[in-house]
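mind looking at a prediction? Sequence and model below.
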Protein chains: 2
Amino acid sequence: MYEGPVQDLIDELGRLPGIGPKSAQRIAFHLLAAEPADVTRLQEVLQKVKEGVVFCDVCGNVSEETTCRICRDARRDPTLVCVVEEPKDVLAVERTREFKGRYHVLGGALDPLSGIGPDQLRVRELLARIGKDEIAEVIIATDPNTEGEATATYLVRMLRDFPGLTVTRLASGLPMGGDLEFADELTLGRALSGRRAL
Amino acid sequence: MYEGPVQDLIDELGRLPGIGPKSAQRIAFHLLAAEPADVTRLQEVLQKVKEGVVFCDVCGNVSEETTCRICRDARRDPTLVCVVEEPKDVLAVERTREFKGRYHVLGGALDPLSGIGPDQLRVRELLARIGKDEIAEVIIATDPNTEGEATATYLVRMLRDFPGLTVTRLASGLPMGGDLEFADELTLGRALSGRRAL
């Protein structure tokens, strides 16, 4: 469509998730008009990410050092581990300011159709960690969708034989600020079956 | 929020137009998991665009050589020039396959509030081109919005003194496939005042 490097840039941008042809074109022309220093900064962070992103050897979260900030933090409860799918889920839980334990990032959820089994996730590392450290409770915080639920079921089966270990799952129910009328059946059903005495 | 280079990448991506914090995060984690070769390709096209994008010395469109493919094409009518705001507008007109003339890319539209006056656009180049080449008709195809209309009005005033030059503007009216009921007042008003005898 366009000539030479501009079209190459549009093509490469269009390969990124959530960027369609129109957005790719818009970003490309933005970069064309941008200061060279801005483009250089983008190239540099790409370079750093390609070279330098380290994953924490304890929890698997993205990290600057071999062990991440949370796993190094002595004030965090080492007996409580929250198992999530992705680094962005760590961030979501951190934002609640409710959790003072540590994390374990699986790197995804079970999805046999896409070839993601337990060996593609950091399940073995989780079992090793529970066998080695003094962990009292594992909170399974995978996503409340098909893959996340399957992963949770699988983990419960793997973890129930550890003596003295409590395994919990995040509560399902109505989202705060929501409207009963607009809740889907599945969520409302979960909210009903999970009702609590006041 | 995240540690080190990952957050830097999210910040840089979030500066691009149309990419919010959520998309930036999604793209960053996609790039983290991508093959190094994919990231390298993206870096390379950025480099090429930074170094190598040439604008056609005749029409101002993005180009691989000093003069772009369309301006070099002897089959295109050199007496007919379509004036557009941006390179993407050239593409839009080309897609119609209705236009066999050449283009002139202004590089934007008049927008005094953003400091864009005639000197920031390629207006002088257009006047020079009309004075030098055998141009019979200039079609003004700026966007049908405030800035585009202002630019069209300005150009008409600049061009009306060239002897023997016809200046035309793209027709305004109802979009094809549209529905009269849902047309806004301005569009319907234009369609009425621009009605044609059958």
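Perfect, I can see it now. Residues are numbered from 1 along each chain as shown, chains lettered A, B, ... in the order given.

next, residue A:48: phi, psi?
Its backbone dihedrals place residue A:48 at phi -60, psi -40, with angles given as degrees, to the nearest 10.

confidence score at it?
We have a pLDDT of 87 for residue A:48.

got the phi and psi for the residue nearest the centre of chain A?
Nearest to the geometric centre of chain A sits residue A:86, at 1.6 Å (Cα atoms, centre = their mean). For residue A:86, the backbone dihedrals (degrees, to the nearest 10) come out as phi -130, psi 160.

residue contacts, it?
Going by Cβ atoms under 8 Å, 6 or more residues apart in numbering or on different chains, residue A:86 touches A:105, A:106, A:107, A:108, B:29. Backbone N, C-alpha and C define where each C-beta goes, glycine included.

can you flag which of those residues belong to helices?
Mapping the contacts of residue A:86 onto helices (DSSP state H) picks out residue B:29.

lowest-confidence one in the contacts of residue A:86?
The minimum pLDDT among the contacts of residue A:86 falls on residue B:29, with 87.

and stretch A:62-71, which residues are buried?
Applying a neighbour-count criterion of 16 or more other Cβ atoms under 10 Å in any protein chain shown, one finds A:62, A:63, A:64, A:68, A:70, A:71 buried in stretch A:62-71.

now the strands: where do they sit in chain A?
For chain A, applying DSSP state E gives strands covering A:54-55, A:62-63, A:80-84, A:102-105, A:137-140, A:166-169.

can you pull the domain assignment for chain A?
A:5-52, A:75-169 (automatic domain parsing).

which stretch among those comes nearest residue A:184?
Proximity to residue A:184 (Cβ to Cβ) singles out domain A:75-169 among the domains of chain A, at 11.4 Å.

just say which of the strands of chain A is most tucked in.
Among the strands of chain A, strand A:102-105 has the highest mean neighbour count (mean count of other Cβ atoms under 10 Å in any protein chain shown), at a mean of 26.

just to revisit the earlier point, which of the buried residues of stretch A:62-71 come close to chain B?
A:62, A:63, A:64, A:68 (Cβ under 8 Å from any Cβ of the partner chain).

closest to chain B among those residues?
residue A:64 (3.8 Å; Cβ to the nearest Cβ).

dump the buried residues of stretch A:62-71 to TSV, plus distance to residue A:125 and pLDDT.
Listed next are the buried residues of stretch A:62-71 as TSV, based on distance: Cβ to Cβ, whole Å; pLDDT from 0 to 100:
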residue	distance to residue A:125	pLDDT
A:62	15	89
A:63	14	87
A:64	20	81
A:68	14	92
A:70	16	94
A:71	12	94
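
what is the nearest of those residues to residue B:18?
Nearest member of the buried residues of stretch A:62-71 to residue B:18, counting by Cβ to Cβ, is residue A:62, at 24.9 Å.

wait, what's in contact with the closest one?
A:53, A:54, A:55, A:56, A:68, A:87, B:2, B:3, B:6, B:32.

need the max-distance pair from those residues.
A:68 and B:32 (14.6 Å).

measure residue A:72 to residue A:64 for me?
Separation of residue A:72 from residue A:64 (Cβ to Cβ, to the nearest Å): 11 Å.

let me fix that, I meant to ask about residue A:194.
39 Å.

again with residue A:98
From residue A:98 to residue A:64 the distance is 25 Å (Cβ to Cβ).

repeat that for residue A:157.
35 Å.
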